[in-house]
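Colleague: generate coordinates for the sequence data below:
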Amino acid sequence: MSTLTTSSATTHRSDLAAPVSRIANRYGHFADDGREFIITDWRTPRPWANIIANPRLGLAVSHTGSGFTWVDNSQLAVLTRWVQDLARDSSGKFLYLREPATGRIWSLSPAPTFVRFDRYECRHGIGYTTFVTEHEGIHSEWTLFADPRDTVEYWRVELVNLTDRTRRLELTSFVEWCCGVNPSPRREFHKLFIETAYDAAQRAVFAWNHMWEVPSRDFGHWNTDFPYTAAIACSEPVLAAQGDLAAFLGRYGDFRQPEALELPTWKPRFGRHEDPVAALRSAIELPAGGRRVVVYVLAAERSRAACAELVERTCGTEPAEAALAASRETWNELLESPRVETPEPSLNYLVNDWCRYQAIAGRLWGRAGYYQQSGAFGFRDQLQDSQVWLPARPEKCREQVNLHARHQFADGSVYHWWHPLSEQGHITRMTDDLLWLGFVVANYVKETGDVSILADQQPFLDDATPHAIDEHVRRAFNRAFTRTSPRGLPYIGAGDWNDGLSAVGLKEKGESIWLAHFLAGLLRDWAEIYRRTGRATMADDFDARRRRLVDAINAHGWDGDWYIRGTLDSGEAFGSARNARGRIYLNAQTWAVLSDVAPPERAAACMRAVREHLVGEMGALLLAPAYDRPVPEIGYITRYAPGLRENGGVYTHAATWAIAAAAKVRDRELVGHLLRAINPALKDPERYWAEPYVLPGNCDGPTSPYPGRAGWTWYTGSAQWLHRVVTQWVLGVRPEWDGLHVEPCLPAGWTSASLTRSYRGSTYRVEIAAPASGPTTGWEVELDGRLLPGSVVPPPDGTGTQHEVRVRCL
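Modeller: Numbers count the residues shown, from 1 in each chain. Next comes the predicted model:
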């Protein structure tokens, strides 16, 4: 049962008192517009975090105030040290208040003092987090955000004296420097290379690292400087500064009550021989009812001089206010289109804002979450994520395509992932990575109608000569064509989309039915691209290849009631009714439908099998039954505990594809059930544990002792996919070659919904009406008052036009 309720209440801020329509659980609620989740009880089951980023700099911050900051790479270029401890969640960047008259100390977020506040809110918003606390008669609001353009993190601190007497306080900031790779299991070694300095004129502590833990092509292992200087600065006069951890905490001290806060003067320690931190103390005097705004900046640049210039330019109240306004404007523009209206408000919040924000800030820019910090670009991962740009900012998707093309080898193979900055890449025998380039290019062309992307020029990793994107895609196909079994099915190698199937094809004999489905869909799309670009011979070749592949899938992959997942090197089927464990896999069924591989009767049968064997209270399991012992011939997926992650859990990425497949077969009941099951805002937090405003990578399945428990939020490709599936399959407004296909499959119980989106330079508002129950058998579509002969809305004649589309589901 969901524990969320809808009610009306009033929230108070120092500058605002407005009614809020709450979608709430016991720990907090959404704001009225859905663009904040306001946590009012910090004792959540797990840290509830925000990922805040611009294209270069980012920060992870939890509802306790814990977290860290990075620049350009959230693993290799971490500025502030953080220790991942999800049980205590007390490592990060802190602000302390102390009143010398009483000696009382508290922090402006729960961590690290964990005092009992008279009032507490953590407002995780789109592009910012604000901590609102009241304690000892002092109201505080601490807002953290990233400048939309510069490599600067701002802290805007507002203090208000709620009492009738003057208050004299000391405000102290604290960060621990990393300036390199995080996490570092060898802190006592790596701290020896970090140097710090205090600049009294700039009220700033600077830090830089003489050793960077990455391979260097020119100078050998770990023999290069960290390429940034970091700094933290305060807009207020600084009474004291400290650069050494032991001097700040005191011997065997802790962060709840550092010894330095109780000392009237500090003996500063900076340089190369300390445990590097930065603490800045300022005096704040507040008359009765008085208010003060203090600004801190955490900045990074390629040199100390450049960093000092950046601090000088940004550390002040006016630059901070301007940057906050610019950040809000930037996110408003990025999330402007598309916008949906459905009968489920929390789904609107997710699709309109949070899913896209998660995909952009967490996956594309930050490449980080609170559970996992990657920093790398996954070849398949960020290509899929970049589809979030297509409706309104297709040029950004195009940039991502070009970036990934530069990380392909001349034989068509690709890095599984690579790190920006170091350009370290990981070569694997994964067999799907290279094909996602063609998948995203095809979707770009469907969205924009612009085939000029095919002529974009990029080199290969091992060939500096630029080649067209068209050629990059062709070489990926050719590589895939050479990795085919005698039965005409693609080899799985060391894994396809499911990395955990890591041993199925190590001898280059195991086959992947899912990969065959995926490839069949790509052959269909690229045959059309070749036709539309005047290459009939290539189109005919791809049509023929697709027919042969579909025949092979249906001859060798059909198991009687569903499609097998593949075959082992031994030739034994897995994902088969003949298996005791892992009898049925979700992706092998959903992609048979999405790629038009399954004939109608088999499409109905395999989706029936999904409902019977995989769909339950928590959604669609990735496989069932879960493996209960390791199976070395299959891979590390079998080494997870039963019900955990891919081994019989709900893997959210694949669960979104199940919604799309259900919509394609027009199963309104299943669409509705799966949408509700995947929606984090509708979860019981005591069972779910994770944030209600972003998607997790997975939820435990029924064989786990914690069924329904979420894991690995933020850093998951499912955010972009849920947005795409809801707009293109549930609401059914899907760009294809000849226009917008408008073919909704609204969940049972929904009688209306709408979507407004950009399409090829014009704006379309689509209003959908449907009966409350019964199957969808067809559609009547009107464009600007004119009934269309089918369900395809043709592309606009020009740009800047406005169009009204009305759809009646039959």
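Colleague: what's the nearest residue to residue 543 if we skip its chain neighbours?
Modeller: The spatially closest residue to residue 543, leaving aside those adjacent along the chain, is residue 527, at 4.9 Å (C-beta to C-beta, 6 or more residues apart in numbering). Glycine gets a C-beta too; all of them are placed from N, C-alpha and C.
Colleague: which SS class is that neighbour?
Modeller: Assigned by DSSP: H, G, I helix; E, B strand; the rest coil, the conformation of residue 527 is helix.
Colleague: who's in contact with it?
Modeller: Applying C-beta atoms under 8 Å, 6 or more residues apart in numbering to residue 527 gives the contacts 538-540, 542-543, 546.
Colleague: and with 7 Å instead?
Modeller: 539, 542-543, 546 (C-beta atoms under 7 Å, 6 or more residues apart in numbering).
Colleague: domain-wise, how is the protein divided?
Modeller: As assigned by automatic domain parsing, the chain contains the domains 35-333, 740-809.
Colleague: I'd like the ones you listed as TSV, with distance to residue 492, mean pLDDT and mean neighbour count appended.
Modeller: TSV is the format used below for the domains of the chain (distance: least, C-beta to C-beta, whole Å; pLDDT from 0 to 100; neighbours: other C-beta atoms under 10 Å):
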stretch	distance to residue 492	mean pLDDT	mean neighbour count
domain 35-333	29	96	19
domain 740-809	32	97	17
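Colleague: so can I have TSV of those domains showing distance to residue 612?
Modeller: Formatted as TSV, those follow (distance: least, C-beta to C-beta, whole Å):
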stretch	distance to residue 612
domain 35-333	32
domain 740-809	19
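Colleague: those: which one's closest to residue 509?
Modeller: domain 35-333 (34.7 Å; C-beta to C-beta).
Colleague: please identify which of the domains of the chain is closest to residue 489.
Modeller: Using C-beta to C-beta, the domains of the chain put domain 740-809 closest to residue 489, at 30.0 Å.
Colleague: pull the distance from that closest one to the chain's centre.
Modeller: Taking C-alpha atoms, centre = their mean, to the nearest Å, the mean C-alpha location of domain 740-809 is offset from the chain mean by 29 Å.
Colleague: now the end-to-end length of it.
Modeller: 16 Å (C-alpha to C-alpha, to the nearest Å).
Colleague: repeat for stretch 283-300
Modeller: Span of stretch 283-300 from end to end, C-alpha to C-alpha: 26 Å.
Colleague: which strands border the lengthiest strand in the chain, and is each parallel or antiparallel?
Modeller: If you go by DSSP state E, the chain has its longest strand at strand 167-180. Here strand 167-180 is paired, per DSSP bridges, with strand 78-80 (antiparallel), strand 94-99 (antiparallel), strand 276-286 (antiparallel).
Colleague: excluding covalently adjacent residues, which one is nearest to residue 200?
Modeller: Residue 200 sits nearest to residue 238 (C-beta to C-beta, 6+ apart), 7.2 Å away.
Colleague: can you map out the helices along the stretch 701-810 of the chain?
Modeller: 718-725 (DSSP state H, counting those that start in this stretch).
Colleague: from residue 457, how far off is residue 714?
Modeller: 35 Å (C-beta to C-beta, to the nearest Å).
Colleague: more neighbours: these two, which one.
Modeller: When neighbours are counted by other C-beta atoms under 10 Å, residue 714 and residue 457 differ, and residue 714 comes out ahead with 25 against 13.
Colleague: which non-adjacent residue is nearest residue 246?
Modeller: Closest residue to residue 246 apart from its sequence neighbours, by C-beta to C-beta, 6+ apart: residue 275 at 6.0 Å.
Colleague: hmm, that neighbour is touching residue 245, no?
Modeller: Yes. Assessed by C-beta atoms under 7 Å, residue 275 is found in contact with residue 245 at 3.9 Å.
Colleague: and the strands in the stretch 301-450 of the chain?
Modeller: 339-341, 377-378, 417-418, 425-426 (DSSP state E, counting those that start in this stretch).
Colleague: in CSV: the ones you listed, plus mean pLDDT and mean neighbour count.
Modeller: What follows is the strands of the stretch 301-450 of the chain, written out as CSV (pLDDT from 0 to 100; neighbours: other C-beta atoms under 10 Å):
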stretch, mean pLDDT, mean neighbour count
strand 339-341, 98, 18
strand 377-378, 97, 22
strand 417-418, 96, 22
strand 425-426, 94, 15
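Colleague: residue 173: which of these is closest?
Modeller: strand 377-378 (32.9 Å).
Colleague: what are the pairing partners of that closest one, and which direction each?
Modeller: When pairs are called by DSSP bridges, strand 377-378 turns out to pair with strand 417-418 (antiparallel).
Colleague: need the next SSE after the longest strand of the chain, C-terminal direction.
Modeller: Next along the chain after strand 167-180, taking DSSP states H and E as the criterion, comes helix 187-190.
Colleague: next SSE downstream of that following helix?
Modeller: With elements assigned by DSSP H and E, the helix or strand that comes after helix 187-190 is strand 194-199.
Colleague: that next one packs against which elements?
Modeller: If you count contacts as 3 or more C-beta pairs under 7 Å, 6 or more residues apart in numbering; DSSP states H and E, strand 194-199 packs onto strand 167-180, strand 204-209, strand 240-244, strand 276-286.
Colleague: out of the ones you listed, which gets nearest to residue 347?
Modeller: Among the helices and strands packed on strand 194-199, strand 167-180 sits nearest to residue 347 (C-beta to C-beta), with 38.1 Å.
Colleague: tell me how far the closest one is from the chain's mean position?
Modeller: Its chain's C-alpha centre lies 29 Å from the corresponding centre of strand 167-180 when counted by C-alpha atoms, centre = their mean.
Colleague: how much does that strand deviate in direction from strand 240-244?
Modeller: Calculated by axes from the mean of the first three to the mean of the last three C-alpha atoms, to 10 degrees, strand 167-180 forms an angle of 30 degrees with strand 240-244.
Colleague: now the angle from strand 167-180 to strand 194-199?
Modeller: 140 degrees.
Colleague: okay, the angle between strand 167-180 and strand 204-209?
Modeller: 20 degrees.
Colleague: returning to that earlier point: and the longest strand of the chain, C-alpha only, in CSV?
Modeller: Output of strand 167-180 as CSV, limited to C-alpha atoms (Å, rounded to 0.1, in the frame of the first residue of the first chain):
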residue,chain,number,x,y,z
ARG,A,167,23.5,37.8,19.1
ARG,A,168,27.2,37.5,18.6
LEU,A,169,28.1,34.4,16.7
GLU,A,170,31.0,32.7,15.0
LEU,A,171,30.3,31.1,11.6
THR,A,172,32.9,28.5,10.5
SER,A,173,33.1,26.6,7.2
PHE,A,174,35.0,23.3,6.9
VAL,A,175,36.0,21.2,3.9
GLU,A,176,38.6,18.4,3.7
TRP,A,177,40.7,18.4,0.5
CYS,A,178,41.0,15.5,-1.8
CYS,A,179,42.3,17.2,-5.0
GLY,A,180,42.5,13.9,-6.9
